[in-house]
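> Mind looking at a prediction? Sequence and model below.
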Amino acid sequence: MASSSPTKIAVIGSGLMGSALARAFAAAGHDVAVWNRTPSKAKAVGGGTRAMEDLREAVSGRELVVVSLSNYAACSELFSLEGVASALAGTTLVQLTSGSPADAREALEWAKANGVDYLDAAILAYPSFVATDAAMVFYAGSRSVFDRHLETLQAIAKNSIYVDEKIGSAATLDCAILEAYYGSSLAFLHAAAMCEAEGIDPKAFFSHKASFLGLLSVTVDAAQDMIERNDFSGDQCSLNTHVAAIEHIVRLSKDARMSARFPKELLDNYKRAISAGLGSKELPAVFRTLKQD
């Protein structure tokens, strides 16, 4: 759907994600300039966007400058080029490059020093999800700046969520969700590998997806409540019992001559909680020992 008030936008970076973002903004009726270090890649974006060869020209006079690069260091390198910072003055910079809260804080300081409004953002989507209901973007920074640009930003994700004024909050939430995703993914892949190592078709494991996802959901809900109350007592299953189960997983992995690194890491973390005197508590009590190195 075309926007009733087109916005002048520059998208810096035309990899798979940057290209998807640029095309989505253009499809919503916005005036989109695209810049990439390799000009041919910017030209290949298409979709009603306009490729620019000069970075200063690309960002000059733009209301929004959306950055999608490999890392914050690459962004800092570009913005330190002669004349780029002054060309960005008065614009709103939306950083959609993945990074850490520390990266976001450094970027905010740079933006303040150069007269640039700044939103740090994290997108939870593959490029093909951009502009669909499956896309979600977290934003951190000034609430008034976010509200001013929300309608435009919804062109890339209707689920554009403001997290907090703390500039590192979007990156923190993004890293937290991704850790849960990557950790869970490694766990189920290791589980499938265990089955195969023992001569069981991994399909037999995957067919019971609802079982472990159900357990995970119950534990997430229980953990949220226990962490909020700082009370990990209960009568369902003690950490001591869980540790015994993980020891079986480690033994199976070793006996099957497959990698036991992941379950051993699990075991070490759970045992650490027991060493801290939490063996009689419920599984979420591990949270207490994860806040210390």
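Thanks, I have the structure now.
> A22 contacts T49, correct?
Yes. Taking contacts as C-beta atoms under 8 Å, A22 lies within contact range of T49: 4.8 Å. Just so you know, the C-beta spots here come from the backbone N, C-alpha and C atoms, and that holds for glycine as well.
> can you list residues touching both of these two?
Here A22 and T49 have V11, V32, V34 as joint contacts, going by C-beta atoms under 8 Å, 6 or more residues apart in numbering.
> Quick check, central residue of the chain?
Geometric centre of the chain, nearest residue: D174, 3.3 Å, by C-alpha atoms, centre = their mean.
> the helices in this protein, which residues?
Under the criterion DSSP state H, the chain contains helices at 16-27, 39-43, 55-59, 72-79, 84-88, 101-113, 143-153, 169-197, 202-206, 209-229, 239-255, 261-273, 286-290.
> So for P127, which of those helices sits nearest?
Taking C-beta to C-beta, helix 16-27 is the member of these nearest to P127, at 4.0 Å.
> related to what we said a few turns ago, can you tell me which of the shared contacts of A22 and T49 are in strands?
Per DSSP state E, strands hold the following members of these: V11, V32, V34.
> quick one: A26 and V130, what's the gap?
Using C-beta to C-beta, to the nearest Å, A26 is found at 12 Å from V130.
> do the same with H190
H190 sits at a distance of 31 Å from V130 (criterion: C-beta to C-beta).
> the more surrounded of the two?
Just comparing H190 and V130: by other C-beta atoms under 10 Å the higher neighbour count belongs to V130, 23 against 19.
> And the contacts of stretch 52-60?
In contact with stretch 52-60 (C-beta under 8 Å, 6+ apart) are residues 10, 12, 33-35, 39, 42, 65, 78, 81, 83-84, 87-88, 91.
> buried stuff in it?
Residues M52, L55, R56, A58, V59, S60 are the ones in stretch 52-60 that count as buried (16 or more other C-beta atoms under 10 Å).
> Kindly provide the whole-number mean pLDDT of it.
For stretch 52-60, mean pLDDT is 97.
> first to last residue in that stretch, what's the distance?
Using C-alpha to C-alpha, to the nearest Å, one end of stretch 52-60 lies 11 Å from the other.
> Measure how far it is from the centre of its chain, please.
Counting by C-alpha atoms, centre = their mean, to the nearest Å, stretch 52-60 is centred 28 Å from the centre of its parent chain.
> Any buried residues in stretch 6-18, and which?
By 16+ other C-beta under 10 Å, the buried positions in stretch 6-18 come out as P6, T7, I9, A10, V11, I12, G13, S14, M17, G18.
> Is the fifth one bridged to anything, and to what?
This points to V11. Taking DSSP bridges as the rule, V11 bridges to V34, V66.
> Pretty sure it sits against A20.
No. With contacts counted by C-beta under 8 Å, V11 stays clear of A20, the gap being 9.8 Å.
> Give me the helices and strands touching the top strand by length along the chain, please.
The residue-count maximum for a strand in the chain (DSSP E) belongs to strand 117-124. Strand 117-124 sits against strand 92-95, helix 101-113, strand 136-141, helix 143-153, helix 169-197, with contacts defined as 3 or more C-beta pairs under 8 Å, 6 or more residues apart in numbering; DSSP states H and E.
> among those, which is the most enclosed?
Counting by mean count of other C-beta atoms under 10 Å, strand 92-95 has the highest mean neighbour count of the helices and strands packed on strand 117-124, with a mean of 27.
> Residues in contact with that strand: which ones?
Contacts for strand 92-95 (C-beta under 8 Å, 6+ apart): 63-67, 72, 75, 104, 107, 111, 116-121, 139, 145, 148-149, 153.
> Relative to the whole chain's centre, how far out is it?
Chain-centre distance of strand 92-95: 17 Å, with C-alpha atoms, centre = their mean.
> for stretch 79-92, same thing?
27 Å.
> and what of stretch 120-129?
8 Å.
> Would you map out the domains in the chain?
As given by automatic domain parsing, the domain ranges for the chain are 8-171, 208-290.
> and the shortest one, how far apart are its ends?
In terms of C-alpha to C-alpha, the two terminal residues of domain 208-290 are separated by 30 Å.
> I'd like the mean pLDDT over it, please.
Confidence for domain 208-290, expressed as mean pLDDT, is 97.
> Measure how far that domain is from the centre of its chain, please.
That offset, for domain 208-290, works out to 25 Å (C-alpha atoms, centre = their mean).
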